[in-house]
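Colleague: Just the structure for this:
(2 chains)
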Amino acid sequence: MSRLLVVDDEANIRLLYAEELKDEGYEVVTAASSAEATEKLQGNTFDLAVLDIKLKNESGIDLLQKLVKERHDMPVILCSAFSCYKDDFSAWLADGYIVKSGDLTELKQEIARLLAKKALKTKAEV
Amino acid sequence: MDRECCWNRDVIEQADCPKVCAGEEDMLVSKLQRVTEKCSECAVFHAEMARVRDNGNPLVPLLTEVLSENRRQKNQIQSLVSFLDSKTLEMRFLHELGYVLQSSVDLDEVLSVALTAITAGKGFGMNRAFLLLCDREQGVLKGYLGLGPRNQEEAGQVWNEIVQNDMDLQTLAQNFRLNKLSAERAKFHDLLEQLTVPLDNKEHILIKALDGKRPIMVEGAFQHPDVPPELARLLGVDTFLLMPLISRNRRVGMIIADNCITHRTITEEDMHSLETFGFPVAFAIERASLYDKLQVELNRVTEAGKKLKEQQELIVRMENMALVGRITSSIAHSVRNPLMIIGGFARSMLKNSPSSDPKRTFIESIVAETRQLEGVLDEILNYSDSLYPTRDFWDVNQLVETALHDTADSMTAQGYATSYSPGHDLPPVYIDFKQLSYCLRTVLQNDINGIGTDLSIAISSQSGDDCVIVRIEDGSRLVSQTELDHLLVPFSETRDLGAGLGLALCKTMLEKQGIPFVAQADVHQGIRYTITLPTRKEEQP
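Modeller: Residues are numbered from 1 along each chain as shown, chains lettered A, B, ... in the order given. Here you go, the predicted model:
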């Protein structure tokens, strides 16, 4: 079972993601801030992370840069209410970009695509 | 029998005095006036005086001397009167000239007046005059305008016309400017073209006159040691006058005047008169030239002011739009999260509710409404995104040179050599300067991270059909077309390729402006980027 880390400052969104993604067969761990995410990352392995760009008093982009540096094997999907971040240079470090929507189909498809790709890469390396 | 002299009679008849003419009847009754004005020139009076002297009158020699002195003084007075008359005429002419020159700031008008004054019979009456002006930018004294007949026949025709029309100086000058200026320019074109002397040629007689700030009368031009033979041949006269035009100690130009038709001697007096005339002319020419320059600058400033005003209005409009954009974006963001939660949970509930559930219709309504609201939000956010920074017409060379300047330090540090070959007469391009500048910098910097050994980047620009094409040829990065294409796709695994990430951003930025960005790779020769910048506004998307 793939483990996903969901980082969003909105409790209801974390809940929604957790419920929906568990239904898809993933193990979901949520965090409300960068600090909490960093804490949960320590000593744990995740297959993929879903990050909100606008966290309360911090930027999801900063967390993204940290993840790219420290967990370069873990794909990251950015989720934002703004589509404009798609053109932001630093946002391009992420493997995927999703504009938030009540319809989570696109997010689920992107997660499945990146996990499949990661699995293929791992298999090739072995 | 000898005629009897009438000198000692108070009243005489007309027939008594051979010197009193018709119209001088007053003298018939004025002995004093007759004696002082007529007797000294009268042979009868002189015979009478000889007779009296022979009779031993001692006063006669004295009287003869007094009368002789009187006659000398009379002649002198007459000569002075005539001199004063000519000076009065000259003063009147200079006054008229000054008035005309002062009332004009048009260079052609001033020059017309000046040359007309020199050549008109009412003025200095020279046959022909050439005006040369100092071109400080080119560092030459250059023939500008000529006036006068080329041969005897033309001279007769022109002078007859002037006599018949009896025009004052201003009318003559206006007439010349309106009807003859172009023709005279064309007539003397070949000659004026050859009348060009570098201002630093201190040995040339024209420059000597100019630097000496004094007129020079040239006589015997064909043998004159200081006159270049080609100048004498060009003018075709042996005698001419060089009059420098100096204003506020600055060299303005030179007038060359001669009497090529009548060959009348140019006197010292002519020279001094022309020298007096030279000052207001030089001043008027300089003033008219400065006025011309002022006018050009004024137009430039007016144009710049207009552009500035437009820019200010644009900035205000953009700021307003940007503010609207920020507000709508902020509102949309605030709305999107709750909407997403409502829609998300509604979908979740819908997914988990059986088809027989009577509340399913309500949940479906919530899903449909949230979907519609999300659509509206997308539109609003897309509108906010569409409030692009302004585009304007920019100089391509400035764009490239700015990018090269900004990256110069890092390029040099990496050992790169850059070169730029600008195209000729490039039209301005309609672009977002900041974005384009960023893209060029990124392409250049991207190349710095290259892997080849040929560390040279050549940039060139050239005009195309309604566009300017900028090419950047980099021999350092030896990649395949497939690899390069991969670099240009956002959200691919670009992180492994380092600086390639910037290229994808550039491509997106340029495409948003409707600017084609083509990157062609050759594993042996490197990468060639081609950016086609539009020169027309309407071509923008």
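
Colleague: Torsion angles phi and psi at the closest residue to chain B within chain A?
Modeller: Nearest residue of chain A to chain B, counting by CB to the nearest CB: A:Gly102, 1.9 Å away. For glycine as for every other residue, the C-beta is placed from the backbone atoms N, C-alpha and C. Backbone dihedrals for A:Gly102, given as degrees, to the nearest 10, come out at phi -70, psi -20.

Colleague: shaky segments in chain A?
Modeller: Applying pLDDT under 70 to chain A flags the ranges A:82-90.

Colleague: 90 - rerun?
Modeller: A:1, A:10, A:43, A:53-73, A:79-100, A:102, A:118-126 (pLDDT under 90).

Colleague: which residues of it fall in strands?
Modeller: With strands called from DSSP state E, chain A shows them at A:3-7, A:27-31, A:48-52, A:76-80, A:96-99.

Colleague: Sheet partners, orientation included, of the third one?
Modeller: Looking at strand A:48-52 with DSSP bridges, its partner strands are strand A:3-7 (parallel), strand A:76-80 (parallel).

Colleague: Can you redo those strands as CSV, where the extra columns are distance to B:Phe45?
Modeller: Formatted as CSV, these follow (distance: least, CB to CB, whole Å):
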stretch, distance to B:Phe45
strand A:3-7, 139
strand A:76-80, 130
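
Colleague: longest single helix anywhere in the chain?
Modeller: Looking at chain A here, since you left the chain open. In chain A, ranked by residue count with DSSP state H as the criterion, the top helix is helix A:105-125.

Colleague: oops, chain B please
Modeller: helix B:268-352.

Colleague: How far off centre is the helix or strand following it?
Modeller: Using DSSP states H and E, the helix or strand that follows helix B:268-352 in sequence is helix B:360-385. The chain centre lies 64 Å from the centre of helix B:360-385; the measure is CA atoms, centre = their mean, to the nearest Å.

Colleague: same deal with stretch B:205-224?
Modeller: The mean C-alpha position of stretch B:205-224 is separated from the chain mean by 30 Å, CA atoms, centre = their mean.

Colleague: what does stretch B:259-275 give?
Modeller: 34 Å.

Colleague: Ok, stretch B:135-152 next?
Modeller: 18 Å.

Colleague: Do me a favour and average the pLDDT over it.
Modeller: Stretch B:135-152 shows a mean pLDDT of 86.

Colleague: That one spans what distance, first to last residue?
Modeller: Distance across stretch B:135-152, first residue to last, is 33 Å (CA to CA, to the nearest Å).

Colleague: So which residues make contact with that stretch?
Modeller: Identification of contacts with stretch B:135-152 by CB atoms under 8 Å, 6 or more residues apart in numbering or on different chains yields B:111, B:115-116, B:118-119, B:126-134, B:155, B:157-158, B:176, B:181, B:184-185, B:187-188, B:191-200, B:206-207, B:210, B:253-254, B:260-261.

Colleague: Might you specify the subset of those residues located within helices?
Modeller: Per DSSP H, these map to helices at B:111, B:115-116, B:118-119, B:155, B:157-158, B:181, B:184-185, B:187, B:191-194, B:206-207, B:210.

Colleague: need the contact list for the residue in chain B that chain A sits nearest to.
Modeller: The minimum distance from chain B to chain A, using CB to the nearest CB, falls at B:Gly343 (1.9 Å). Listed by CB under 8 Å, 6+ apart, the contact set of B:Gly343 reads A:101-103, B:366-367, B:370-371, B:374.

Colleague: ok, 10 Å please
Modeller: A:16, A:100-104, B:336, B:366-371, B:373-374 (CB atoms under 10 Å, 6 or more residues apart in numbering or on different chains).

Colleague: burial count for B:Gln513?
Modeller: Look at B:Gln513: counted by other CB atoms under 10 Å in any protein chain shown, it has 19 neighbours.

Colleague: What distance do you get for it to B:Met49?
Modeller: 114 Å (CB to CB, to the nearest Å).

Colleague: got the residue ranges for the strands in the stretch 51-200 of chain B?
Modeller: Taking DSSP state E, counting those that start in this stretch as the test, the strands found in the stretch 51-200 of chain B are B:128-135, B:140-147, B:196-198.

Colleague: picking that back up, CSV for the strands paired with strand A:48-52, including mean neighbour count?
Modeller: Listed next are the strands paired with strand A:48-52 as CSV, based on neighbours: other CB atoms under 10 Å in any protein chain shown:
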stretch, mean neighbour count
strand A:3-7, 23
strand A:76-80, 24
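
Colleague: residues touching the residue nearest the centre of chain A, list them.
Modeller: The residue lying closest to the centre of chain A (CA atoms, centre = their mean) is A:Val50, at 1.4 Å. Each residue near A:Val50 by CB under 10 Å, 6+ apart is listed here: A:4-8, A:14, A:17, A:21, A:28, A:30, A:60, A:75-79, A:96, A:98, A:107, A:110-111.

Colleague: For it, give the beta-bridge partners.
Modeller: So, taking DSSP bridges as the rule, A:Val50 has A:Val6, A:Ile77 as bridge partners.

Colleague: And the average pLDDT for stretch B:441-459 is what?
Modeller: 72.

Colleague: What is the end-to-end distance of it?
Modeller: 12 Å.

Colleague: Repeat that for stretch B:408-421.
Modeller: Span of stretch B:408-421 from end to end, CA to CA: 16 Å.

Colleague: Give me the distance from that stretch to the chain's centre.
Modeller: On CA atoms, centre = their mean, the centre of stretch B:408-421 falls 39 Å from the chain's centre.

Colleague: tell me the centre residue of chain B?
Modeller: B:Lys293 (5.4 Å).

Colleague: can you count the residues close to the nearest residue to B:Val335 once chain neighbours are set aside?
Modeller: In space, and not counting its chain neighbours, B:Val335 is closest to B:Leu377: 6.3 Å by CB to CB, 6 or more residues apart in numbering or on different chains. Per other CB under 10 Å, the neighbour tally for B:Leu377 reads 22.

Colleague: got it, and B:Ala403?
Modeller: Neighbours around B:Ala403, by other CB under 10 Å: 25.

Colleague: In which helix or strand does it reside?
Modeller: helix B:396-413.

Colleague: Show the average pLDDT along that helix.
Modeller: Helix B:396-413 comes out at a mean pLDDT of 86.

Colleague: Tell me which other helices or strands it touches.
Modeller: strand B:417-421, strand B:429-431, helix B:433-448, strand B:456-464, strand B:467-474, strand B:526-534 (3 or more CB pairs under 10 Å, 6 or more residues apart in numbering or on different chains; DSSP states H and E).

Colleague: can you pull the contacts of A:Leu55?
Modeller: Taking CB under 10 Å, 6+ apart, one finds A:7-10, A:31-35, A:37, A:61-63 in contact with A:Leu55.

Colleague: ok, so of these, who is nearest B:Leu94?
Modeller: A:Ile61 (83.1 Å; CB to CB).

Colleague: pLDDT averaged over stretch B:251-271 - what is it?
Modeller: Rounded mean pLDDT across stretch B:251-271 is 87.

Colleague: Can you give the distance from that stretch to the centre of its chain?
Modeller: The answer for stretch B:251-271 is 30 Å, by CA atoms, centre = their mean.

Colleague: And stretch B:391-404, by the same measure?
Modeller: Worked out by CA atoms, centre = their mean, stretch B:391-404 lies 27 Å from the chain centre.
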